[in-house]
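Q: Coordinates only, no sequence provided:
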């Protein structure tokens, strides 16, 4: 029998319920259906029409959400009537020109940012993951996989430490089990983790190592560039035998930013502090006198590639903000056009 306490249920979640029903946690999302773990078993659930009509897409259930469901008579199926307020949410901008945000995982205690010790290693991509992690409300941990295939991990560790100030870093091997026990400790007490990283980085192998079984399918990577195929095609929460939960996610080689302004401040705290300490408040950090950013670049205190990455991310965020404002204005105009159109259709009452 399912016990939702194993899934992290506690009294603080219970206090958030505002509708009748049975509490449960979303463990799998597939199109418009959700698998929900409840004390009465796992049910396949759909959203109620009322909830779907009254809420935006980002308020729809996501893997990790706590929901309140009504069981359909005589069936192991349910209808979701409420999504409980989230404690954290990890998201990214959807691909293409849209400014829509795609939820990756919610109510996560720890985000495990995975990167393998081979050609896949990319410190600039790690910076993007860190921004999203800081902004999500979850605690980031960096996991460097395939330690058994890397004869010297020190250069990789130095690069990570230069951009991830104070973030725990673990080098592990799913093949030998090295470092796996340390990761398991992070999920003690029914904590929830989420694995994020590129295809072929070894996320499925990690889950197999953490669970002690071949729960997830593993595919080989290409030897010439260490890139892998998408083994995981959906988000799924897995209850680990030793306690704790892990959300596996599809590989994300390209990670487009959402509105992560707070994440920039946390992830690039070194650059932000230098910029604030410049002589002039409106310093553009080019050739102004008293510019500490340029001084740090010249004396090697600030890595030039890291600063270029910072500027690129700031430009992307500014672009996203402009697009979001434009989208909001367009939506408002469309709403009032529809209101005007509807009012014209109404018959005029004769006095």
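A: Thanks, I have it. Since we're looking at a predicted model, the values are computed, not measured.
Q: mind listing the helices for this protein?
A: Taking DSSP state H as the test, the helices found in the chain are 11-14, 49-54, 123-136, 154-161, 180-185, 203-211, 261-267, 269-276, 292-299, 304-345.
Q: give me the number of residues near residue 152?
A: For residue 152, the count of nearby residues is 8 (other Cβ atoms under 10 Å). All C-beta spots, glycine's among them, are computed from the backbone N, C-alpha and C.
Q: what does residue 54 give?
A: Residue 54 has 9 neighbours, counted by other Cβ under 10 Å.
Q: Residue 46 now?
A: Neighbour tally, residue 46, other Cβ under 10 Å: 17.
Q: Tell me the bridge partners for it.
A: Residue 46 has these beta-bridge partners by DSSP bridges: residue 79.
Q: Give me the nearest residue to the residue most central in space within the chain, chain neighbours excluded.
A: The residue lying closest to the centre of the chain (Cα atoms, centre = their mean) is residue 90, at 2.8 Å. Excluding the flanking residues, the one nearest residue 90 by Cβ to Cβ, 6 or more residues apart in numbering is residue 136, at 4.2 Å.
Q: coming back round to it: thinking the residue nearest to the centre of the chain is in contact with residue 105, fair?
A: Yes: using Cβ atoms under 8 Å, residue 90 is in contact with residue 105, at 5.0 Å.
Q: what do these two both touch?
A: Common contacts of residue 90 and residue 105 (Cβ atoms under 8 Å, 6 or more residues apart in numbering): residue 194.
Q: buried sites along the longest strand seen in the chain?
A: Longest strand in the chain by number of residues (criterion: DSSP state E): strand 22-30. Using 16 or more other Cβ atoms under 10 Å as the test for burial, strand 22-30 gives 22-29.
Q: How far off centre is that strand?
A: Strand 22-30 sits 18 Å away from the centroid of its parent chain (Cα atoms, centre = their mean, to the nearest Å).
Q: Contacts for that strand, please.
A: Taking Cβ under 8 Å, 6+ apart as the rule, strand 22-30 contacts 4, 7-9, 13-14, 17, 34-40, 42-43, 45, 61-71, 78, 84, 234-239.
Q: Selection in PyMOL covering whichever of those are buried, please.
A: The buried subset of these, as determined by 16+ other Cβ under 10 Å, is captured in PyMOL by this line:
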select buried, resi 4+7+8+9+13+34+35+36+37+38+43+45+61+62+63+64+65+66+67+68+69+70+71+78+84+235+236+237+238+239
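Q: okay, the residue lying closest to residue 211 once chain neighbours are set aside: pLDDT?
A: Distances taken as Cβ to Cβ, 6+ apart place residue 240 nearest to residue 211, at 5.4 Å, with adjacent residues excluded. Here the pLDDT value assigned to residue 240 is 92.
Q: Could you do residue 284 as well?
A: Predicted confidence (pLDDT) for residue 284: 81.
Q: Let me know the distance separating it from residue 293.
A: From residue 284 across to residue 293, the span is 10 Å (Cβ to Cβ, to the nearest Å).
Q: go on, residue 116?
A: From residue 116 to residue 293 the distance is 33 Å (Cβ to Cβ).
Q: So for the two, which sits in the more crowded spot?
A: Neighbours were counted for residue 116 and for residue 293 using other Cβ under 10 Å; residue 116 has more, 24 against 21.
Q: what's the distance between residue 101 and residue 45?
A: Distance, residue 101 to residue 45, using Cβ to Cβ: 23 Å.
Q: The residue nearest to residue 14 when sequence neighbours are not counted and residue 64, how far apart?
A: Closest residue in space to residue 14, ignoring its immediate chain neighbours: residue 23 at 7.2 Å, by Cβ to Cβ, 6+ apart. Using Cβ to Cβ, we find residue 23 at a distance of 14 Å from residue 64.
Q: How many residues are close by the nearest residue to residue 205 once chain neighbours are set aside?
A: Nearest non-adjacent residue to residue 205, counting by Cβ to Cβ, 6+ apart: residue 174, 3.8 Å away. Neighbourhood size, residue 174 [other Cβ under 10 Å]: 22.
Q: List the residues that contact residue 174.
A: 145-146, 180, 202, 205-206, 208-209.
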